[in-house]
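Enquirer: got a structure for you, letters missing:
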């Protein structure tokens, strides 16, 4: 007699499609929220709010690998929102670990050259097309239940690089020509610093550089995104064809909401 568990184990579980990757490829705007608190509870709550993506920040937030792992589990429980993990750096071994944990959309900061971009593409692909280390049963493969994971995962991984310096702007077209780079997410804070306007991401010179870079990236056939909390400028970016827009953060919502609530009663 076949038991229910045996029938389940015999099922051919398939890798889930990366709907975020398909959306940006088809030109659809994706609105998201950054989470910097490092809380799996916050991630679960936010993933059910209807955003297209949630940015899990391992660069400037407190989250290390284990915290990101827990936030990925929370996002899976909370809703259909796509988690995007921003890495702290370009460490190949760290990329391998996050991919094994089930991250299928990675954002990598401070990418300045085509050489760096090519290295990142190689890091997210298994041999013979890349150098990603193999694990037989990671969380990404539903712990070995997705039998064809290694053969099919490349097409579902979305790689986003962050141009954040004047050097990266000089190399945009060369990086955009690389197969395997899906999108560019411009870092306004670091770009402002590189342009000589540290702490002034809304300076007209910085905005001009961002808008012009967006045009060049779009002309090269790649999606472009940014984090912007100014409503007027955010709508301007959308008009210019920016597709990946982070419109706020959990930290900002908590701070602003708490201060506004108190102000009502202090008055």
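Expert: Noted; the coordinates are in hand. Quick caveat: nothing in here was measured; it's all calculated off a predicted structure. Residues are numbered from 1 along each chain as shown.
Enquirer: what ranges do the helices span in the stretch 51-200 of the chain?
Expert: Here the stretch 51-200 of the chain has its helices, by DSSP state H, counting those that start in this stretch, at 65-78, 92-100, 114-123, 149-152, 166-170, 172-176, 188-194.
Enquirer: Which of those helices sits closest to residue 200?
Expert: Closest to residue 200 of these, according to CB to CB: helix 188-194, at 5.4 Å. The way it works is simple: take the backbone N, C-alpha and C, and place the C-beta from them, glycine included.
Enquirer: Pull the residues that contact the helix or strand following the closest one.
Expert: Once the chain leaves helix 188-194, the next helix or strand it forms, by DSSP states H and E, is helix 204-219. Helix 204-219 is contacted from outside by 163, 169, 172-173, 176, 184, 186, 188, 191-192, 195, 197, 200, 223-224, 226, 233, 236-237, 240-242, using CB atoms under 8 Å, 6 or more residues apart in numbering.
Enquirer: Only the buried residues of helix 204-219, if you could.
Expert: For helix 204-219, a neighbour-count test (16 or more other CB atoms under 10 Å) marks 206, 207, 209, 210, 211, 213, 214, 216, 217, 218 as buried.
Enquirer: Next one: the closest residue to residue 220 other than its chain neighbours, what pLDDT does it get?
Expert: Residue nearest to residue 220 in three dimensions, not counting chain neighbours: residue 176, with 3.5 Å by CB to CB, 6 or more residues apart in numbering. Listed pLDDT for residue 176 reads 97.
Enquirer: what's the burial count for residue 52?
Expert: Residue 52 has 21 neighbours, counted by other CB atoms under 10 Å.
Enquirer: for it, what are its contacts?
Expert: Residue 52 neighbours (CB under 8 Å, 6+ apart): 20, 23, 30, 31, 32, 81, 82.
Enquirer: just to revisit the earlier point, using neighbour counts, trim the contacts of helix 204-219 to the buried set.
Expert: Buried subset of the contacts of helix 204-219 (neighbour count, 16+ other CB under 10 Å): 163, 169, 172, 176, 184, 186, 188, 191-192, 195, 197, 223-224, 226, 233, 237, 242.
Enquirer: does residue 250 really touch residue 38, like I thought?
Expert: No: if you go by CB atoms under 8 Å, residue 250 and residue 38 don't touch, sitting 9.8 Å apart.
Enquirer: And residue 93, how close does it get to residue 65?
Expert: Look at residue 93 and residue 65: by CB to CB, to the nearest Å, they are 11 Å apart.
Enquirer: no, scratch that, I was asking about residue 234
Expert: 31 Å.
Enquirer: Between the two, point out the one with more neighbours.
Expert: More neighbours surround residue 234 than the other of residue 234 and residue 65, with 19 against 13 (other CB under 10 Å).
Enquirer: Spit out the contact partners of residue 48.
Expert: Applying CB under 8 Å, 6+ apart, the residues near residue 48 are 78, 79, 81.
Enquirer: From those, keep the buried residues only.
Expert: The neighbour count (16+ other CB under 10 Å) marks 78, 81 as buried among these.
Enquirer: With pLDDT and distance to residue 69 added, can I get the contacts of residue 48 in JSON lines?
Expert: JSON lines is the format used below for those (pLDDT from 0 to 100; distance: CB to CB, whole Å):
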{"residue": "78", "pLDDT": "83", "distance to residue 69": "15"}
{"residue": "79", "pLDDT": "81", "distance to residue 69": "18"}
{"residue": "81", "pLDDT": "94", "distance to residue 69": "17"}
